[in-house]
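Participant: take this sequence and fold it.
(chains A, B and C)
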Amino acid sequence: MSVNEKIVARVASLARLALKPEEAAPLAGELNAILGWIDQLQAVNTDAVEPMNAVMPITRDWRADEVTDGGIQADILANAPASAHGFFAVPKVIE
Amino acid sequence: MSALTRLTVARMREGLAAKRFSARELVSAHIAAVEAARPLNAFITETPDEALAAADAADAALAAGTAGALAGIPVGIKDLFATRGVQTTAASAILKGFRPPYESGVTARMKAAGVASLGKLNLDEFAMGSSNETSAFGPVVSPWRAVGSDAKLVPGGSSGGSSAAVAARIVAAATGTDTGGSIRQPAAFTGIAGIKPTYGRCSRWGIIAFASSLDQAGVLARSVEDCAILLEQMAGYDDRDSTSINAPVPHWSAMLNAKLAGLRIGIPREYRMDGMDARVAALWDEGIAWMKDAGATIVDVSLPNTAHALPTYYIVAPAEASSNLARYDGVRFGQRVLPDGGSLNDMYAATRAAGFGAEVRRRIMIGTYVLSAGYYDAYYLKAQKVRALIAQDFEKAWESCDLLLTPTAPTAAFGLGAKSADPIAMYLNDVFTVPASLAGLPAMSVPAGLDAAGLPLGLQVIGRPLDEAGVFNACLALEQRAGFTAAPVRWW
Amino acid sequence: MTDMYKDDGRKAGWIIEGRTGPWEVVLGLEVHAQVSTLSKLFSGAPTAFGGEPNAQVSLVDAGFPGMLPVLNGACVKQAVRTGLALGCTINRWSRFDRKNYFYADLPQGYQISQHQHPIVGEGAIPVTLEDGSITSVGIERIHLEQDAGKSVHDLSPTQSYVDLNRSGVALMEIVSKPDMRSPAEAGAYVATLRSILRAIGSCDGNMQEGSMRADVNVSVRRPGDGFGTRCEIKNVNSIRFIQQAISYEAQRQVEILESGGTIQQETRLFDPDRGETRSLRSKEDAHDYRYFPEPDLLPLELTPAFIEQCRASLPELPAAKKARFETALGLSPYLAAVLTADADQSRWFETLLAESARRQGRDAAAVAEKAANWMTGDLFGALNRLGLDIAHSPVSATQGAELLALLADGTLSGPLAKQVFEIMLETGEDAGAIAEARGLKQLSDSGALEAAIADVLAANPDKLAEYRSGKDKLFGFFVGQVMKASGGKANPALVNELLKAALG
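Facilitator: Modelled structure (predicted):
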């Protein structure tokens, strides 16, 4: 499974990472090296193995349906790069 | 360094209780040490005023007889723990200036017990790294130097600010987080002790997530006893974290016992790898002898899937990270980069490209790729199956032994920049620590000796789930026999 | 456009006659129903509709660093109850996954949902169509997931605003099988679903407030062929719009196919103002959702005891209630259907019925029809006029029962009862009190009526003579005069009887 520049560009777009054209080729090389190394796992026989679902076999009670939070608009907005009228503000989205 | 900064936490508590010195004196000595140690770049944010206020509160509480278990103890907090009103960055440019309106579960417990926080410690960006070189705030420099050299060394990572600060005697102890070895490896590199407890022992609430199924908070300090004293205040159930374990936290520091009679110590044969550093191999053998000396029985065990642990880790951790780091989008907190006339998507891409460093971007790319359509089964699902096999290896081993003894890292600390160009060489640092992380097991590193260049090496003890007590006891037995007293010679 | 459709029954029925032959439409619905809870799926922030922007938001809902989800047990319970009410299997082991995509109103960068292992599996519900026929619509699955926040695009010329109040609100996504073949079937299915959810209280079904909305999957094919390529129309929020969207979309697809084109699988949006669907390209590139198990949550495991407890908590469902109204109460299928279509209505009716039976000392079956007719006639007429729903009726079911009892025991005549009811609607007072205070009781005192009759006969000797000479029609005149003399309150039956006797 070899990663080319086109795949790098697609993955970067999925991950919302701006990529300069000259960055794609070196990144493809790095990813291929890492993925090539990771690929050794394909040799492990896992036919009868269930994937790990929880690190520790614990159970716990569900939360009771009570209002215990909210009402902290100032805290929610305090770190926002841009806000207005109680909203977060982002560049206009055209649907 | 002053005499006060050389004390262990246990001795500090005795001194404070006996009024031999005040918390203000103790904390002030550490504040001075922190200021003097800025060449180490261990701190991202120093909070001397907060520390002094906590010290005064501790002195008042000590006088009133209401002091908490950690009253006046000067500590550092890895900058991955959210601290209310104090900049919290994960060592990333994307979070510069972020002041959380909340306090992490672990640090809230520590503060309730009276600690004086000297500030926020440097780390690899989002805890992704093994050398503390990926920080957006610059690398941390180890207080250690090889004999006859003034070349800068790495303090290990990702808790490199924590390890450097504890080893340099500028804090008594520091919080760390460990995802694949990020407490144990830096502890080993800097000649101190560090424990990652069982997954779920410490609340993850308020700790900036790297890889949720692996992240676990712990502590770095200069003795096994200090680690126990700190961890028993940090651990405990938190109903805000669904993976938090609801089990009583033992009074570990009071239970310490270096007599290991009746205990079986497993030596996993797969950890004895080809080309292993001779001094590391020899130290491991010494460790085995010390365990026997403490009364334990030595058992040869097999963990057949050990070699698969690192590739498994480098699928699971980046996959979870790629999702955990999606929230850094320039909308609600942190930095925003908006190109002129840019759309929302342009803003995301520019913000994240500028805000994340190269290693974080690399892992996001890997994680995004292994989860993407068509690759999930081959990578992520496969890795979770192998992870189950690795956990089963340990379960099988517990049938014939109670604890495992291994080296912590394959080498001593390396030079700054020595492995930056080769990600896989860097990843191999974690070969001995990652398996226990994948299985969620408690594991601890204790300093056990020096290599030929006079640099510290550590041994690792791994225990059954929730058996931190057993891990502490075995490490205490090693600590007593290793007689490790070396400390970095101040050059800063 | 409708003249192109030929409606010749169900399933095979809704056929689009194209230029090249007939086309059948295949429909599957994904209904997003907001779970009725006080707090969100994974946080303690409130779910109430409206409110200041970002004031019903916790740090968890806003995706702050280090914040973690904790599952609300009430959401689990309501999902299981819903599954049981829809005849579905309950999965004792399910799991939450992360669905990863970027959007301004998705603060974590992922939605926590149940992709691979939903809490509820397959089932089916009977759906009654307008002509009374019943069809079965299969349920594929129900899963729990978080709602996203809301982007507001029209408050600023250069910016979109984000409100996270809805972020993290619990939704049940109810996925049907592709079993529907006409807009009418789709509409009836949603109406049935809504009535069941409201009956068991797992969702308030309020479509205007967005508590229920549907993604509609539409494809067309030649009758007998395999499935065609489908388009998904997102977020349609009324039954009428669902039907309009299907009609438009099916026609659009037929036109493309008939002119030799192919259908692109895509997400579309319904524009109610124009009555058309259009492509929603902005979300197209985000289709690789990179699902993986949510590591911040444990797998969701249910005990048989918990499932039984959920089952025991279910009230009688609308279909069973309708059957009971028909068989035990003798109501017509039409009345039974009307009274069980909505949970509030059926609750109101059952109170009315029980109170009527108690007050009149009769079996429920004996009073049911009168009660049902009064409720669907007089009451619904009045509510319709006032623009109110049953939950806001100014007259309570207990008050209605008193009115019906007064009618039954002759205290009120039909016309008087209508008069009293109007006053009840205005004042909210009880029927008996109104009749008493305003003297609106029916006059059934034989002596008094006999006297009134004697007066009327005495005052109209010529009319009396005409009657006696055979002009029978004048009987009505005398009845009218007696009623008038009593101020409309005389018992008409008694007047008839006494008048006949008096006229010999």
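
Participant: only C-alpha atoms from now on, for both contacts and neighbour counts.
Facilitator: Will do.

Participant: give the contact list for B:V166.
Facilitator: B:A172, B:A173, B:A174, B:I192, B:L220, B:A221, B:R222 (CA atoms under 8 Å, 6 or more residues apart in numbering or on different chains).

Participant: again, only using 6 Å
Facilitator: For B:V166, the contacting residues are B:A172, B:A173, by CA atoms under 6 Å, 6 or more residues apart in numbering or on different chains.

Participant: what do you get for the one 3 residues further on?
Facilitator: Residues in contact with B:R169, defined by CA under 6 Å, 6+ apart, are B:T5.

Participant: how much space separates it from B:P48?
Facilitator: Counting by CA to CA, to the nearest Å, the gap from B:R169 to B:P48 is 16 Å.

Participant: could you do A:A28 as well?
Facilitator: Here A:A28 is placed at a distance of 45 Å from B:P48 (CA to CA).

Participant: and the residue nearest to B:P39 when sequence neighbours are not counted, what element?
Facilitator: Counting by CA to CA, 6 or more residues apart in numbering or on different chains, B:P39 lies nearest to B:W492, which is 6.1 Å off, once chain neighbours are set aside. Assessed by DSSP states H and E, B:W492 sits outside every helix and strand.

Participant: around chain A, pick out the residues from the stretch 351-492 of chain B.
Facilitator: Neighbours of chain A within the stretch 351-492 of chain B, by CA under 6 Å from any CA of the partner chain: B:R352, B:A353, B:Q384, B:K385, B:A388, B:G440.

Participant: which pLDDT value goes with residue 88?
Facilitator: I went with chain A, as the question did not name one. Turning to A:F88, the model gives it a pLDDT of 98.

Participant: my bad, the chain I had in mind was chain B
Facilitator: pLDDT, B:T88: 98.

Participant: what does the one 10 residues further on give?
Facilitator: According to the model's per-residue confidence, B:F98 sits at a pLDDT of 98.

Participant: surely it touches B:V86?
Facilitator: No: at 8.1 Å, B:F98 does not count as touching B:V86 under the criterion of CA atoms under 6 Å.

Participant: quick check: the residue nearest in space to the middle of chain A vs chain C, distance?
Facilitator: Geometric centre of chain A, nearest residue: A:A15, 7.0 Å, by CA atoms, centre = their mean. According to CA to the nearest CA, to the nearest Å, A:A15 stands 8 Å off from chain C.

Participant: find the nearest non-adjacent residue to that residue, please.
Facilitator: Nearest to A:A15 is B:T368, by CA to CA, 6+ apart, at 6.5 Å.

Participant: which helix or strand contains the one you found?
Facilitator: Going by DSSP H and E, B:T368 is part of helix B:358-371.

Participant: now do B:E399
Facilitator: Using DSSP H and E, B:E399 sits in no helix or strand.

Participant: how close does it sit to A:F87?
Facilitator: For B:E399, the distance to A:F87 equals 58 Å [CA to CA].

Participant: before we move on, what about B:S130?
Facilitator: B:S130 is 40 Å from A:F87, by CA to CA.

Participant: next: C:A493.
Facilitator: 70 Å.

Participant: so for the two, which sits in the more crowded spot?
Facilitator: A:F87 (23 against 12; other CA atoms under 10 Å in any protein chain shown).

Participant: so that one sits against C:N165, correct?
Facilitator: No: taking CA under 6 Å as the definition, A:F87 is not a contact partner of C:N165, at 10.3 Å.

Participant: surely B:P318 is in a helix?
Facilitator: Yes: according to DSSP: H, G, I helix; E, B strand; the rest coil, B:P318 belongs to a helix.

Participant: can you report how many residues neighbour it?
Facilitator: 25.

Participant: OK, contacts around it?
Facilitator: Counting by CA under 6 Å, 6+ apart, B:P318 makes contact with B:R363, B:G367.

Participant: let me know the pLDDT of it.
Facilitator: Per-residue confidence for B:P318 comes out at a pLDDT of 98.

Participant: residue 41: neighbour count?
Facilitator: Answering for chain A, as no chain was given. Close neighbours of A:L41, defined as other CA under 10 Å, add up to 21.

Participant: nope, chain B
Facilitator: As a burial measure, B:N41 scores 20 neighbours (other CA under 10 Å).

Participant: I appreciate the help and will end here.
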